[in-house]
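K.L.:
The following comprises the amino acid sequence and a computationally predicted model.
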Amino acid sequence: MTETQGTDINIGEIVLHHTSDAYAIDFEPFGTISWHKWPDVHLGSLTLNLTPTKHVVFMILAAVLVLLVMWITKRGLIKQRAHQQAPTGFAGFMEQMVLWVRDDIAIANIGENGKKFAPFIVALFFFVLFMNLLGLLPWGATATGNLAVTGALALMVFVVVEIGGFLKLGPKGYLGTIFPHFEGVGGVGGAVLTVAMAPIEILSKLVKPFALAVRLFGNMTAGHFVVLSLAGIILFFGNWLIGIPTAVVIALIYLLETLVAGLQAYVFALLASTFIGLMQTEHH
């Protein structure tokens, strides 16, 4: 490749093109499937656009795959138990995965009410896991690399945490999570501390879903940025001496990304369970 050809390649454009959302799915070099933006929906002064984007398509695909996998697992377990067989094969593996998420993530961190929240945590784990893994497939897209998606998931966890805490603690106990009671401090001093701590307690409630959203978004986006940037370097230099070792590094990072996809699903489910568990205990 000549020097002029190298300078024509914009690595930043390559990275953003493959990681940003769009009304199209690329199947290079075979072509592109694109669709037109739907007309906006007006609700008073609010304007909404309900056109599905690339990330929405892969998010729906992840949900369908989770349902399909669980349905296949259920059918397999029913058939094996009908013949009085121990769970084996794919059905047995998935059963162990579900039990691990239920027992070691949900119940272990939430406590006595863990079984009530276990279906939510299990669904959350597999949904995030499938979205992460779909981004590693050829022509795939990582929906969790979109801050709107991770923000919506974090908002869902926030609602479950707060409503679950309110139902568990009652109105008086829930107010205790905003206006904490200080043991051994009474009178005016205790009242001042209680009121002064309220903004901090409210802020801590809002920081938790923010951390959930940004952590997942950042980790899933960073890996793709590194892989695509290295691929862009190969195209930029067009040199075998640079291309071969860079390709090896890309392959190793891709394997690491597979591990990160599962790890981030685990961390998201773990933190969600921890936040729910903290609200399910009596606040002091």
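P.N.:
Yep, it's here.
K.L.:
M59 is in contact with F130, isn't it?
P.N.:
No. At 9.4 Å, M59 and F130 do not qualify as touching, with contact defined as C-beta atoms under 8 Å. C-beta here means a position set from N, CA and C on the backbone, and glycine is covered the same way.
K.L.:
Where does the prediction get shaky in the stretch 51-200 of the chain?
P.N.:
Applying pLDDT under 70 to the stretch 51-200 of the chain flags residues 181-190.
K.L.:
again, only this time at 80
P.N.:
Along the stretch 51-200 of the chain, segments meeting pLDDT under 80 span 84, 180-194.
K.L.:
And the strands in the chain?
P.N.:
Using DSSP state E, the strands of the chain run over residues 24-26, 32-34, 41-43, 46-48.
K.L.:
most packed of these?
P.N.:
Most buried of the strands of the chain, by mean neighbour count (mean count of other C-beta atoms under 10 Å): strand 24-26, with a mean of 15.
K.L.:
List the strands paired with that strand, with their directions.
P.N.:
Paired neighbours of strand 24-26 in the sheet (DSSP bridges): strand 32-34 (antiparallel).
K.L.:
Other residues contacting the strand it pairs with?
P.N.:
Strand 32-34 has contacts (C-beta atoms under 8 Å, 6 or more residues apart in numbering) with Y23, A24, I25, D26, F27.
K.L.:
and the second one, what does it touch?
P.N.:
This means A24. A24 makes contact with T32, I33, S34, W35, K54 under the criterion C-beta under 8 Å, 6+ apart.
K.L.:
got it, and the first one?
P.N.:
Under the criterion of C-beta under 8 Å, 6+ apart, the contact partners of Y23 comprise S34, W35, H36, K37, T51, T53, K54.
K.L.:
at 7 Å instead, please
P.N.:
Y23 is in contact with S34, W35, K37, T51, T53, counting by C-beta atoms under 7 Å, 6 or more residues apart in numbering.
K.L.:
burial count for M279?
P.N.:
Using other C-beta atoms under 10 Å, M279 has 23 other residues around it.
K.L.:
Mark which of the contacts of Y23 are buried, thanks.
P.N.:
With burial judged by 16 or more other C-beta atoms under 10 Å, the buried subset of the contacts of Y23 is T53.
K.L.:
What spatial separation is found between V157 and L235?
P.N.:
From V157 across to L235, the span is 40 Å (C-beta to C-beta, to the nearest Å).
K.L.:
wait, H224
P.N.:
Look at H224 and L235: by C-beta to C-beta, they are 16 Å apart.
K.L.:
okay, those two: which has more neighbours?
P.N.:
More crowded of H224 and L235, by other C-beta under 10 Å: H224, with 19 against 15.
K.L.:
In space, what's closest to that one - neighbours in sequence excluded?
P.N.:
Once flanking residues are discounted, H224 sits nearest to T19: 5.4 Å by C-beta to C-beta, 6 or more residues apart in numbering.
K.L.:
now H36
P.N.:
Here the residue nearest H36, using C-beta to C-beta, 6+ apart, is Y23, at 7.3 Å.
K.L.:
Ramachandran angles for the one you found?
P.N.:
When read as degrees, to the nearest 10, the backbone of Y23 gives phi -90, psi 40.
K.L.:
picking that back up, for the contacts of Y23, which one is nearest V69?
P.N.:
T53 (24.4 Å; C-beta to C-beta).
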